[in-house]
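**Q** here you go, sequence then predicted model.
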Amino acid sequence: MFKPLVCLPAVLLVANALPQPLDIFLPTQQTLEFGSNRIKQLAGWIANIHPEYDIHPPSPPGHGDEAKTIWHIISDDPKFSRYTKAINFAHEHVLNKLNDSSADITFFAVPDSALDHHHHSAAGLDLDAFTAGDLATLSLDRALVHVDELQALEDDDPDKERRYKFLKGIVTAILEYHTLPENLDISTLAEVSTLPTTLSIPFSLDKDAQRVRIESSLVPPKVTLNLYSRVILPNLQAKNGVIHVLNHPLFPPPTVFRGTYNLPSAFSFFSSAIQRSGLTEATDILYRFDRPSDEFEGARTVTAFVPTNHAFERLPKKLQLFLFSPFGERALKKILQFHVVPDIALLSDWIHNATDKQIESSSAHKLLNQEADETVLGEIFSSMSDYDIFDSEIVESANYTLPTALKDHSLEVNVIKYNVSLPFPGPHKPHHIVTKLYANGRRVAVPDIPAMNGAAHVITHILDPRQGEEANPWEEWEEWLPKWASED
């Protein structure tokens, strides 16, 4: 009997709501063309304007009221009226936590100006439509529009209670994703790559916490979450923790597959190939609504090294045609399986192993081919003749051997963390942590993208499953690929 499947109908499928264009998500192919003199001028400007400037000051400036809880600071400020409404609407434990004077947490707050509630059409709340995938665009501001509509409905509306419970769960999940279980100031945020939130999903990652990506930069100094939301006012101190104000609300991450499917301008080749090869369940979580009890199937824990469209376009044209033809289906599937690590979620500073096998790892630093004869910022400021104004040192490294979905094939993953600083006078040099991640010696373009069911790392080359070290392994593909694909 046919067993219908639908993609997970939850707020976790909101990647379509990410701001466009995608250039905030992927690195441009051109390097930044700053001359060394310009960089030194910028450094001097920062030093003159902010002689004590440091992205890690010992006591970062901030505002707030340490006599008030996070809840009272937010609810007393008219700039957060929409956010206050969301907290009041969510399940009671959210407000209780924010008002618990014994807690010590971090909360990301979003002002009304960042909740664009004037441009959403809310002509009714069709839950069946949401189940079909409409939730991929449901953000906090849109959810609040539906809350407004819901509260305006007559009490005898037969669907009001069902809609009320549905939206309450959505808003609660979003707010839990804006909360960290520890008190972390902006300097601590800038030291890490990812952090756990208070949101956990029962059917994903063995109920481990959903994570948020943190990225910092020196010039200009900023901290960005999940590639699109920037901290615009840090370190508002409260009695029970700290508040950081964002310029854009966060979205709980979608699954690995949904994250790529919802960004076709960057990943349409990959998402189409995954579906064509029957590997959707290897990267997605599916909900079966034809069963008496709620059941989820698919990849509850997974890591994927996701090639961009440009990575596929780098392949010889004849090979592209072959892979997406009936003759190349087996080769395409095996190549994709080599890019997927089942039952393991790996980010540069966190790993979740859902298997009963130990992961091979070491902490010894390995000098990779792409790393030789370069400084950590050499790739960014490649047009500079003397970018040695930046100091960098390795502070941490790790190496993993990860079994892929392709039988008897593993990936070698190397993580290197650098402390990069500007040589300003004084004890507090501006610095931040830069993370490099390599897969089989290939530099990962955008590492550490949290997914609801694991992690995604964006790469700009298709990985060679033969583990070779050839510069252009796909040029002579006709000599080896068809035979390799036919092997068991």
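**A** Structure's in. What do you need?

**Q** for stretch 298-318, what is the distance to the chain centroid?
**A** Taking Cα atoms, centre = their mean, to the nearest Å, the mean C-alpha location of stretch 298-318 is offset from the chain mean by 17 Å.

**Q** buried set for it?
**A** 298-309, 311-312, 315 (16 or more other Cβ atoms under 10 Å). (Glycine included, C-beta is placed from N, CA and C.)

**Q** quick check: end-to-end length of that stretch?
**A** Distance across stretch 298-318, first residue to last, is 33 Å (Cα to Cα, to the nearest Å).

**Q** just the ones of the buried residues of stretch 298-318 in helices?
**A** Asn309, Ala311, Phe312 (DSSP state H).

**Q** and His248, what does it touch?
**A** His248 makes contact with Pro19, Val110, Ala114, Tyr228, Ser229, Arg230 under the criterion Cβ atoms under 8 Å, 6 or more residues apart in numbering.

**Q** can I assume the last one sits in a helix?
**A** No: note on Arg230: no helix contains this position according to DSSP: H, G, I helix; E, B strand; the rest coil, which reports strand.

**Q** you'd agree it is up against Leu246?
**A** Yes: counting by Cβ atoms under 8 Å, Leu246 is a contact partner of Arg230 at 6.8 Å.

**Q** show me which of those two is the more surrounded one.
**A** Applying other Cβ atoms under 10 Å to Arg230 and Leu246 shows that Leu246 carries more neighbours, namely 21 against 13.

**Q** so where do the helices sit in the stretch 201-350 of the chain?
**A** Per DSSP state H, counting those that start in this stretch, the stretch 201-350 of the chain carries helices over the ranges 256-261, 264-276, 309-313, 317-323, 329-338.

**Q** what's the most buried one of these?
**A** Most buried of those, by mean neighbour count (mean count of other Cβ atoms under 10 Å): helix 256-261, with a mean of 27.

**Q** what mean pLDDT does it get?
**A** For helix 256-261, the mean pLDDT works out to 95.

**Q** could you say what helices and strands it packs with?
**A** Counting contacts by 3 or more Cβ pairs under 8 Å, 6 or more residues apart in numbering; DSSP states H and E, helix 256-261 packs against helix 264-276, strand 302-307, strand 446-451, strand 454-459.

**Q** tell me how far the last one lies from the chain's centre.
**A** Which is strand 454-459. Mean C-alpha position of strand 454-459 versus that of the full chain (Cα atoms, centre = their mean) differs by 8 Å.

**Q** what pairs with it, parallel or antiparallel?
**A** In the sheet, strand 454-459 lines up against strand 302-307 (parallel), strand 446-451 (antiparallel) (DSSP bridges).

**Q** give me the low-pLDDT residue ranges for the stretch 51-200 of the chain?
**A** For the stretch 51-200 of the chain, the stretches with pLDDT under 70 are 51-63, 116-138.

**Q** helices of that one, start to end?
**A** 70-75, 81-89, 92-98, 127-131, 140-152, 160-177, 186-189.

**Q** including mean neighbour count and distance to Leu463, could the ones you listed go into a markdown table?
**A** Shown next, in a markdown table, are the helices of the stretch 51-200 of the chain (neighbours: other Cβ atoms under 10 Å; distance: least, Cβ to Cβ, whole Å):
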| stretch | mean neighbour count | distance to Leu463 |
| --- | --- | --- |
| helix 70-75 | 22 | 44 |
| helix 81-89 | 19 | 42 |
| helix 92-98 | 17 | 42 |
| helix 127-131 | 14 | 36 |
| helix 140-152 | 18 | 37 |
| helix 160-177 | 19 | 31 |
| helix 186-189 | 20 | 32 |
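
**Q** this completes my enquiry, with thanks.
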